[in-house]
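Enquirer: model this:
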Amino acid sequence: MYKFAPLFLLVLTGCIATTTEVDRVSQRVSELERVNSTVMAEASAETKRLQNLAAQVEEATNQLRETLAKAGARIAESDRALQRVRGDLEVIVHRLDALERIGSSNQQSVTEIRGRLNQLIADLRDRAGIAILALPTDLPPDADGFVKAADKALADGDVRLAAALASECQKRYPASEAWAQCGLVVGRIAVQEQRYVDALKQFQAVHDGLSGKPTVAVAQSLVEVSKVLELTGKCQKAVQVWNYMSTEMPKVPQAKLAKNEIAAIGKRCKEGAGVSDKSAGPAKPEDAPAVEPPKAATATELPEAASPTAKDAKKAPEPAKPAAPPTKPAVVPPKPAAAAPVAPAKPAVPPAKPATPAKPVAPAKPAAK
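Expert: Residues are numbered from 1 along each chain as shown. This is a model prediction of the structure:
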């Protein structure tokens, strides 16, 4: 068929071809057909391979999409769980803050109740006859024994026994060094019970009872006064106490510490940032006014008594204060013309004012010197 067809075509076109040329063309066509069949077979194989690869890619894509969807769902669930955990944590933190506030308020209440209880115990201990019940049967034979026993009882935490021994010691040995040492014990008990006004009164009494003599007990009372003033935030007055002791009592052992203590007070004490005084709430309401006046009389005047000029300055205003009450009755009588019952009431008040100040004790210091 291939041998005669080209010849036939050539004859039709008017051309004549040789048999060799026809054979060559036929061979070429056969080769091209074989190559074409091979290429088609390879193309079919590659097509199948690419189809399989496309199917695998699509399957992998579907799996990846499914995996990503699951991962996205898990991440979303994790975010929701994290938000729930954060909310729970915020609730817990809020509850902890509330518990902390409640705990601090409860602690403050407990501290206040404990202070009131200590105040009540102190009031009961100071009543007539109560302190005697705390005394042991075997009392010390001498003053030094009383001092040592009171100090030991206070160190052991037996406040009632220490107060009883100190009170008995002061009754038996008045105006002595042992009396002063026992007074220091009473003052330290007041400091422990946070009755700082009472403590200042007691330490002041020790200083004034021995007329400010340069003894160890008097110097120690000044040290205790400085500590109480520092506790109550009166730093400048605490420094004045040390200056007074170093000036008036330079030979006592405590005076050697004055310079260091003054520097330390300046570093650790903040003016006006002291603790509150528990003696401001006595067991009886009528006892409250009696506690306030000693604050100014005991704490503030002790350092100023160091110099003679300060004493003279104190003496000058003091006569003026007793002189003030008579002026009030002098002004009041013109008014009684309108209301007679008012006149007796007001003159009755001024005599009570000169009776309350404890400042007549100050002249006792220059007398001793």
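
Enquirer: list the helices and strands the helix ranked longest in the chain packs on?
Expert: Counting residues, the longest helix found in the chain (DSSP state H) is helix 19-126. Packing partners of helix 19-126 (3 or more C-beta pairs under 8 Å, 6 or more residues apart in numbering; DSSP states H and E): helix 4-13, helix 159-172, helix 177-192. In short, each C-beta sits where N, CA and C put it, glycine included.

Enquirer: Among those, which comes closest to residue 61?
Expert: helix 4-13 (52.9 Å; C-beta to C-beta).

Enquirer: Report the rounded mean pLDDT for that closest one.
Expert: Confidence for helix 4-13, expressed as mean pLDDT, is 49.

Enquirer: comparing the helices and strands packed on helix 19-126, which gets the lowest mean pLDDT score?
Expert: helix 4-13 (a mean of 49).

Enquirer: picking up where we left off before, of the helices and strands packed on helix 19-126, which is nearest residue 91?
Expert: With C-beta to C-beta, the closest approach to residue 91 among the helices and strands packed on helix 19-126 belongs to helix 177-192: 42.7 Å.

Enquirer: Give me the buried stretch members for the closest one, please.
Expert: Neighbour counts over helix 177-192 (16 or more other C-beta atoms under 10 Å) mark 177-191 as buried.

Enquirer: before we move on, what about stretch 25-43?
Expert: In stretch 25-43, counting by 16+ other C-beta under 10 Å, buried: nothing.

Enquirer: In PDB, could you pull the C-alpha coordinates for it?
Expert: Output of stretch 25-43 as PDB, limited to C-alpha atoms (Å, rounded to 0.1, in the frame of the first residue of the first chain):
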ATOM      1  CA  VAL A  25      10.300   7.900   2.600                       C
ATOM      2  CA  SER A  26       8.400   4.700   3.700                       C
ATOM      3  CA  GLN A  27      11.200   3.800   6.200                       C
ATOM      4  CA  ARG A  28      11.200   7.400   7.500                       C
ATOM      5  CA  VAL A  29       7.400   7.200   8.000                       C
ATOM      6  CA  SER A  30       7.800   3.800   9.700                       C
ATOM      7  CA  GLU A  31      10.400   5.200  12.100                       C
ATOM      8  CA  LEU A  32       8.300   8.200  12.800                       C
ATOM      9  CA  GLU A  33       5.300   5.900  13.500                       C
ATOM     10  CA  ARG A  34       7.400   3.800  15.900                       C
ATOM     11  CA  VAL A  35       8.700   7.000  17.600                       C
ATOM     12  CA  ASN A  36       5.200   8.300  17.700                       C
ATOM     13  CA  SER A  37       3.900   5.100  19.300                       C
ATOM     14  CA  THR A  38       6.800   5.100  21.800                       C
ATOM     15  CA  VAL A  39       6.100   8.700  22.700                       C
ATOM     16  CA  MET A  40       2.400   8.000  23.000                       C
ATOM     17  CA  ALA A  41       3.100   5.100  25.200                       C
ATOM     18  CA  GLU A  42       5.400   7.100  27.400                       C
ATOM     19  CA  ALA A  43       2.900  10.000  27.400                       C
END
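
Enquirer: ok so, going back, so what angle separates the directions of the longest helix of the chain and helix 177-192?
Expert: 140 degrees (axes from the mean of the first three to the mean of the last three C-alpha atoms, to 10 degrees).

Enquirer: Kindly calculate the angle that helix 19-126 makes with helix 159-172.
Expert: 30 degrees.

Enquirer: Looking at the helices and strands packed on helix 19-126, which is nearest to residue 53?
Expert: The nearest among these, by C-beta to C-beta, is helix 4-13 at 43.2 Å.

Enquirer: Could you look up the SS state of residue 250?
Expert: coil (DSSP: H, G, I helix; E, B strand; the rest coil).

Enquirer: ok so, going back, for the helices and strands packed on helix 19-126, give me TSV that also has distance to residue 272.
Expert: Shown next, in TSV, are these (distance: least, C-beta to C-beta, whole Å):
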stretch	distance to residue 272
helix 4-13	128
helix 159-172	30
helix 177-192	20
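
Enquirer: Of all these, which one comes closest to residue 26?
Expert: helix 4-13 (7.8 Å).
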